[in-house]
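>>> Take a look and give me a structure for this.
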Amino acid sequence: MARYIGPKSKIARKFREPIFGPDKHLTKKNYPPGMHGQAKKRAKTSEYALQLMEKQKAKYTYGILERQFALIFDRATRAKGISGENLLKFIEARLDNVVYRMGLSPSRAGARQLVSHRHITVNDKVVNIPSYTLKPGDRIAVREKSKSLETIVNSVAGRTSKYPWIDFNATSLSGTFINMPDREQIPENIREQLIVELYSK
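This is a model prediction of the structure:
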């Protein structure tokens, strides 16, 4: 499946947020890209533009393309609860995202690659589908022959964040997806209600 492989700093500057992680270019130039950049006076942003930008930010943050994002949103609207919160919960339950949250990769793109290259197992079975949706109680682990991979070892060594909905053991390089996270536990700065409003038009 196609993925965005362009300059990440340009996208981060567009949203004025480090959506791909720490970015020294964003720190230096915290204004939109383009030849006029900082000086250009921009017209007042419309309601639709704000909603569209929020959806684009969510897609870039989690590395999901339009069709897949729309399918997740459709599932979120049919589930019990608040649609916007359901959307983020279902995205957080994707295997590539959980691998990233566990600290096995410093980025979601790297986590997606680990999954697609068959380095990850779910309940002792190899799963190479990054969009695979985990269920509470599922056990995620690094395959035995992949535990010495430099990228995994270095990433786990630099792991600083922990999440209450994931139980991770750095020694065995395995963890359990305990439950769907509550909205307040998800650290991403995404205004999901704007996305709901956009799809409701």
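
>>> Pull the number of nearby residues for residue 133.
Per other CB atoms under 10 Å, the neighbour tally for residue 133 reads 15. No exception for glycine: its C-beta is placed from N, CA and C like everyone else's.

>>> Now do the contacts for it.
90, 93, 94, 95 (CB atoms under 8 Å, 6 or more residues apart in numbering).

>>> repeat that with 10 Å
72, 75, 90, 91, 93, 94, 95, 98, 177 (CB atoms under 10 Å, 6 or more residues apart in numbering).

>>> One more: residue 113?
So residue 113 contacts 96, 99, 105, 107, 119, 130, 151 (CB under 10 Å, 6+ apart).

>>> starting at the chain centroid, how far to whichever helix or strand residue 198 is part of?
Counting by DSSP states H and E, the element that carries residue 198 is helix 192-199. Centroid separation for helix 192-199 versus its chain: 18 Å, with CA atoms, centre = their mean, to the nearest Å.

>>> And for stretch 113-132?
Centroid separation between stretch 113-132 and its chain, computed with CA atoms, centre = their mean, is 16 Å.

>>> where does the chain dip in pLDDT?
1-43 (pLDDT under 70).

>>> Which helix in the chain has the most residues?
Determined from DSSP state H, the single longest helix within the chain is helix 47-62.

>>> Could you pull out the buried residues of that helix?
51, 53, 54, 55, 56, 57, 58, 59, 60, 61, 62 (16 or more other CB atoms under 10 Å).

>>> I'd like these written out as TSV, with distance to residue 200 added.
Below are these laid out as TSV (distance: CB to CB, whole Å):
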residue	distance to residue 200
51	10
53	16
54	13
55	12
56	17
57	18
58	16
59	18
60	22
61	21
62	21
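
>>> one step back: which elements pack onto the longest helix of the chain?
Helices and strands touching helix 47-62, by 3 or more CB pairs under 10 Å, 6 or more residues apart in numbering; DSSP states H and E, are helix 8-15, helix 66-78, helix 83-92, helix 95-101, helix 192-199.

>>> And that helix, how far out from the chain middle?
The chain centroid and the centroid of helix 47-62 are separated by 14 Å, computed with CA atoms, centre = their mean.

>>> what angle sits between that helix and helix 83-92?
Interaxial angle of helix 47-62 relative to helix 83-92 (axes from the mean of the first three to the mean of the last three CA atoms, to 10 degrees): 20 degrees.

>>> helix/strand/coil for residue 189?
coil (DSSP: H, G, I helix; E, B strand; the rest coil).

>>> what about it, how many neighbours?
The number of residues packed near residue 189 is 11, by other CB under 10 Å.

>>> Repeat that for the one 10 residues further on.
For residue 199, the neighbour count with other CB under 10 Å is 17.

>>> Contacts only, for it.
51, 55, 69, 70, 73, 74, 76, 77, 83, 84, 87.
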